[in-house]
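Colleague: sequence first, then the predicted structure, then my questions.
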Amino acid sequence: QVRLVESGGGLVQAGGSLRLSCAASRLTFDKMAWFRQAPGKEQEFVASIGRIGSDTYYADSVRGRFTISRNSAKNMMYLQMNSLRPEDTAVYFCAGGQGAVWKVGADTYGLWGQGTQVTVSS
């Protein structure tokens, strides 16, 4: 059974950086993505990446600050987060799914990790 496990979350000051990692037992997905959910808010798409890593898609709120990448040889996916803001505070989830990277609905992702907390202080 394929599992996804996130790591790399933590507490950082505004303007700082964090790198999230997602380890998969194997990468069999057309696409992978990061979503986040802040307290009291709905889950939000952050970024997605295609099977070979050349196709990426970002939410407007993170474009230019976050970079998604994957290393298929290591069954890993990453989210480099720079210029972090307090509004980036959330639990971040990695997910694997099928279809085009620009289809950002959570229903296109069938496997989810348990999440890692990111807290950005002002």
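Modeller: Looks like it arrived, so ask away. Numbering: from 1, shown residues only.
Colleague: ok, Phe93 - contacts?
Modeller: 6, 34-37, 43, 112-115 (CB atoms under 8 Å, 6 or more residues apart in numbering). (Each C-beta comes from the backbone N, C-alpha and C, glycine too.)
Colleague: who wins for most neighbours among these?
Modeller: Neighbour count (other CB atoms under 10 Å) singles out Trp34 as the most crowded of the contacts of Phe93, with 27 neighbours.
Colleague: closest to Met77 among the contacts of Phe93?
Modeller: Comparing the contacts of Phe93 against Met77 with CB to CB places Trp34 closest, at 8.0 Å.
Colleague: sheet-wise, list the partners of the one helix or strand that closest one maps to with their directions.
Modeller: Using DSSP states H and E, Trp34 maps to strand 31-37. Note on strand 31-37: by DSSP bridges, its sheet partners are strand 44-50 (antiparallel), strand 90-97 (antiparallel).
Colleague: got the ones you listed as a markdown table, with mean pLDDT and distance to Ala14 columns?
Modeller: Shown next, in a markdown table, are the strands paired with strand 31-37 (pLDDT from 0 to 100; distance: least, CB to CB, whole Å):
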| stretch | mean pLDDT | distance to Ala14 |
| --- | --- | --- |
| strand 44-50 | 97 | 18 |
| strand 90-97 | 96 | 14 |
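Colleague: so which of these is nearest Phe29?
Modeller: Taking CB to CB, strand 90-97 is the member of the strands paired with strand 31-37 nearest to Phe29, at 3.7 Å.
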